[in-house]
Structures are given as structure tokens and as C-alpha cells.
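Q: Sequence and computational prediction follow.
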Amino acid sequence: FLLPYPYGYTVEPYGYGNKKAASAPELTGKQAPEWTLNDSNGNPVSLANQKSKVLSIYLRGFFKTLILIFMIFFAGVICVNIENLLPEWETVRVLGSGGFGKVYEIMKKGAENFRSALKVISIPQSLDEYSYYRDDGYDDKSIVAFFKEQADKMMSEIRLMSKFKGSSNIVSYEDHCIIPINDYPGWNILIRMELLTPLPERCMNSMLTETDVCTLGVDICHALELCESEKIIHRDIKPQNIFINKFGDYKLGDFGIAKSIDYASKAISKVGTYAFMAPEVYCGKAYNATVDIYSLGLVMYWLLNERRLPFLPLPPKIPSVIENTEAQAKRLKGEQIPLPQNGCDDLKEIVIKALNPDPKKRYKSASEMKHEIECVLKNIKIQESRAGLSICKSYVNKADGEHIKISGSVTGDGSGGRQMVSTLV
């Protein structure tokens, strides 16, 4: 029973096929029915009388399964071999994958401490894409020219991103190249980037504090300011595209890549990005840079709401598929979004304004949103500094008359919490 049955075949007691009445009597002991294999028409194929046929069916299923396993196991090796494409680097592990391709952690040979992230994008991503365009009436020459044009366009956008190299809030693209695929007309695009920690991975260790969320908002707004200066709309701001370095700086990644891939591949689905998408993008309406402000607001909401999106139940309850679908539908329809669970009132107001379904009622620019977050962050730090003022208490020890002074201060522990440090003077 571990092997797959041929399509349309089922196993059930003899006489209980599609043609048997639903009120068939229950039989036991010697009256128990013989088990049979039924075809797609419900006609029984007796296991007792047709053992050879059943054996051949199982063998076909067995070999088909072996072939499928072989194809799945070797598909990545056949398509992209990092060691051959970049002989000076070796692959450490796979960091992630998606509709675009895969991201690897790579290490410079002979320099263990020199590591980078490598994104590998294939155009087309499979030979099936040629069939999609043939169905639309394109000939092979036109299809190859189309994919080449998209590959060139993607490279142009990556070169544009090199202008941001060195920015404290944008993932640095260190290097890139385009390599033709030998087996069929296509190209592998390799993008080497700085190695960072994704936001979801950071959240697994500990929840971000209110100060952390404000810092993230300011940093990503700064990244969007740079985007606006180059007339770039990111369109895919979500936790998976926000990273943090060892110094605590938040950075925005995947600039220009997601938009290019939408053009380059008909096989890629937007499912998975709906969760942080602005309503006007989902509905196919005209949009501007405020869609990035909306998505950033939703990321901040997610962080302030126990990592749950609007209209979803809070932990420890796990939302069902239906609850996720309904919550997403409410948000995309423009229903009033409830306040997040945590955060001060001013920060909540900033998030809700960014999430206004009407683009005209959101922040007009990333600079405007950043300014308001900075004001909130300043107030939070003032409150924290007041809480961290030295607390001094003097008293006289009645036993020996010695005057004792205890000086204490509240300091950060690096994870958003606070601890008391006391010194005997």
C-alpha cells in the first residue's frame, strides 16, 4: 500500500464497487468478500484471478516513483551547480528558496571568515515556460528574444542597485554576472550580496521591543527615501525581505528583483506575497510609492501584534486556513483595521495611518512617515532614560552607625529587557 495505484484505480471489497448498492450488508468470517482492484469505471479486477496484471501495475508504479525521486533529487544539480559557476567559492548551505530561485550561503575558498549570500535566478525557470508562450502564438525565436530581453533588463536594474552600495539600510549587492544555460536557451543570473540575518529569524530568538520596531521603521523609511530618489517602487516589502546586521541596522533587500521576475516569468505566482500587499496592487489599480509605505506599516503591525496580521486571532491560538483567507479578504476590501495589541498610542496611530486603504490618506512620502516615527522613538528613549536614572538611598545602619549609600541604575540587557545593577559605596 506504500506504492501509488494507477490513476483511477481503487481497492475495496469485491462487490462494493461503484455499481453496488449503498446498503450492502456487512459480511464477516467465511462470508467476508474477496478484495478486488476496481478500474476507473468501477469494474472489479480480481486480485485472485489476475495476479499478473496487479503485479505489472505495481511494478509500473514502483518504477515511476523511482524516476520521480531521481528527477526531484538531481533537478537542482542539473540546473545550477554553484561549484562549477563560481570555482573560487564553495556552498555552505541553502538559506531560502521561492518562486525566484534559491539563496545560498557561500564561503570564499581559503578564507573561512569571508562569506556572502548568493541568489541564483534562472530565466526561464523551466522548459514549461516555452510551452506557455507557444500556446500564446509565439515562435521559438521570439520566445528566446523575449527571455533575453528580460534577463538584460534585470541586469540593468541590478546595476542600478549598485548605486546604493554602502548604504546602511539597503542590502549591498557586491557582485553579479549572467551565465548562459548549456542545455537550452536560457540564463542563470547570480547575485552576490552581504550575508545578513532575516527578520523572521531574528524574531525567533526574541520578540522585538517597541524601540526595535521604531528603529526598524526609521531604517526602512530611509531605504525608501533612497528608492524615491531613483524613482524605484519596491512592491515586495515583507519580513522575509528585511534583514539585520550585527550592528543592529535594519536593511531592505530584493530591490528591483521581484518586479523584474514578474515580467520575466509567466510561471511565477504572486501567492505568498498577498499577505503584505497593498489593496490597489491586489486589485490591479494604478499605484505609486505609497504601496511601499502600506507594506512597511503592515510589517510594523505584524511585529506589534504578536506576529499576527490584522483580523487574526492572537497566540497561542493558531489561525486556520479559513481564518487566514477571511482576514486577508477583509484587509484587501478596505475594512477598518483594528489597533495592534502592543505599542504606545502614538506608534499605533502611525501604523494605522500607513495602512489606510485610501492611498491619498496615507503618508505622502517615506520622509514624512520617518519623521513621525523618529518623534515617537525620541519620546520612548526619554522615558527609558528617566527609568534608568540612578536611584540613590541613604540610611544609617543602627547596628554600628555606619552610613551606607546604595547606588542603582536600570540598564539594557541587549534584548529589550532591563536589569538592575547595584553598587555598594
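A: Right, received. Where do you want to start?
Q: Helices of the chain, start to end?
A: Assigned by DSSP state H, the chain shows helices spanning 51-79, 82-85, 128-135, 140-161, 199-205, 210-229, 257-264, 279-282, 290-304, 321-333, 345-354, 366-387.
Q: most packed of these?
A: Compared across these, helix 290-304 shows the largest average neighbour count, a mean of 25 (mean count of other CB atoms under 10 Å). Heads up, the C-betas are built off the backbone N, CA and C, glycines and all.
Q: And it, what does it pack against?
A: Packing contacts for helix 290-304, counted by 3 or more CB pairs under 8 Å, 6 or more residues apart in numbering; DSSP states H and E, involve helix 210-229, helix 345-354, helix 366-387.
Q: got the angle for the first one vs helix 290-304?
A: Right, the one you point to is helix 210-229. 170 degrees (axes from the mean of the first three to the mean of the last three CA atoms, to 10 degrees).
Q: Just the C-alpha atoms of helix 210-229, please, in PDB.
A: Output in PDB follows, covering the C-alpha atoms of helix 210-229 (Å, rounded to 0.1, in the frame of the first residue of the first chain):
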ATOM      1  CA  GLU A 210       8.800  48.900  20.900                       C
ATOM      2  CA  THR A 211      12.100  50.600  20.500                       C
ATOM      3  CA  ASP A 212      13.300  48.000  18.000                       C
ATOM      4  CA  VAL A 213      10.100  48.300  15.900                       C
ATOM      5  CA  CYS A 214      10.600  52.100  15.800                       C
ATOM      6  CA  THR A 215      14.200  51.600  14.800                       C
ATOM      7  CA  LEU A 216      13.200  49.300  12.000                       C
ATOM      8  CA  GLY A 217      10.600  51.800  10.800                       C
ATOM      9  CA  VAL A 218      13.100  54.600  10.600                       C
ATOM     10  CA  ASP A 219      15.700  52.500   8.900                       C
ATOM     11  CA  ILE A 220      13.400  51.100   6.200                       C
ATOM     12  CA  CYS A 221      11.900  54.600   5.700                       C
ATOM     13  CA  HIS A 222      15.400  55.700   5.000                       C
ATOM     14  CA  ALA A 223      15.800  52.900   2.400                       C
ATOM     15  CA  LEU A 224      12.600  54.000   0.800                       C
ATOM     16  CA  GLU A 225      13.800  57.600   0.600                       C
ATOM     17  CA  LEU A 226      16.700  56.300  -1.500                       C
ATOM     18  CA  CYS A 227      14.200  54.400  -3.600                       C
ATOM     19  CA  GLU A 228      12.200  57.600  -4.200                       C
ATOM     20  CA  SER A 229      15.300  59.400  -5.200                       C
END
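Q: Regarding residue 316, what are the backbone dihedral angles?
A: With angles defined as degrees, to the nearest 10, residue 316 sits at phi -90, psi 0.
Q: can you count the residues close to residue 209?
A: 17 (other CB atoms under 10 Å).
Q: Would you mind giving the helices and strands packed on helix 290-304 as JSON lines with distance to residue 184 and mean pLDDT added?
A: JSON lines is the format used below for those (distance: least, CB to CB, whole Å; pLDDT from 0 to 100):
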{"stretch": "helix 210-229", "distance to residue 184": "35", "mean pLDDT": "96"}
{"stretch": "helix 345-354", "distance to residue 184": "45", "mean pLDDT": "98"}
{"stretch": "helix 366-387", "distance to residue 184": "42", "mean pLDDT": "94"}
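Q: I'd like the helices of the chain as a markdown table, with distance to residue 311 appended.
A: Converted to a markdown table, the helices of the chain look like this (distance: least, CB to CB, whole Å):
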| stretch | distance to residue 311 |
| --- | --- |
| helix 51-79 | 37 |
| helix 82-85 | 42 |
| helix 128-135 | 35 |
| helix 140-161 | 35 |
| helix 199-205 | 20 |
| helix 210-229 | 20 |
| helix 257-264 | 25 |
| helix 279-282 | 14 |
| helix 290-304 | 11 |
| helix 321-333 | 4 |
| helix 345-354 | 14 |
| helix 366-387 | 23 |
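Q: out of these, nearest to residue 242?
A: Closest to residue 242 of the helices of the chain is helix 199-205 (CB to CB; 4.3 Å).
Q: could you say what helices and strands the closest one packs with?
A: So helix 199-205, by 3+ CB pairs under 8 Å, 6+ apart, packs with strand 242-244.
Q: Which strands border the strand it packs on, and is each parallel or antiparallel?
A: strand 197-198 (antiparallel), strand 250-252 (antiparallel) (DSSP bridges).
Q: Buried deepest among the ones you listed, which one?
A: Per stretch, and counting mean count of other CB under 10 Å, the top mean among those goes to strand 250-252, which has a mean of 24.
Q: For that one, the averaged confidence score.
A: Averaging pLDDT along strand 250-252 gives 96.
Q: Tell me which residues are up against that strand.
A: 168-171, 196, 199, 215-216, 219-220, 223-224, 234, 237, 241-245 (CB atoms under 8 Å, 6 or more residues apart in numbering).
Q: at 10 Å what do you get?
A: 164, 167-172, 193-194, 196-197, 199, 202, 212, 215-224, 226-227, 234, 236-237, 241-245, 292, 296 (CB atoms under 10 Å, 6 or more residues apart in numbering).
Q: Out of the helices of the chain, flag the one nearest residue 189.
A: Of all the helices of the chain, helix 140-161 comes closest under CB to CB, at 6.2 Å.
Q: helices or strands next to the closest one in the packing?
A: strand 111-123, helix 128-135, strand 173-180, strand 187-193, helix 257-264 (3 or more CB pairs under 10 Å, 6 or more residues apart in numbering; DSSP states H and E).
Q: Just want the angle from the second one to strand 111-123.
A: Calculated by the same axes, to 10 degrees, helix 128-135 forms an angle of 20 degrees with strand 111-123.
Q: which one is residue 172 nearest to, not counting chain neighbours?
A: residue 194 (4.7 Å; CB to CB, 6 or more residues apart in numbering).
Q: Dump stretch 161-174 to CSV, keeping only the CA atoms.
A: Only the C-alpha atoms of stretch 161-174 are listed here, as CSV (Å, rounded to 0.1, in the frame of the first residue of the first chain):
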residue,chain,number,x,y,z
MET,A,161,21.1,48.9,-7.2
SER,A,162,24.9,49.2,-7.1
LYS,A,163,24.4,52.9,-6.6
PHE,A,164,23.2,52.1,-3.2
LYS,A,165,26.2,50.1,-2.3
GLY,A,166,27.5,51.2,1.2
SER,A,167,24.1,52.4,2.3
SER,A,168,23.4,51.5,5.9
ASN,A,169,19.8,50.5,5.2
ILE,A,170,20.0,48.7,1.9
VAL,A,171,21.4,45.2,1.3
SER,A,172,24.7,45.6,-0.6
TYR,A,173,25.0,43.9,-3.9
GLU,A,174,28.6,43.0,-4.1
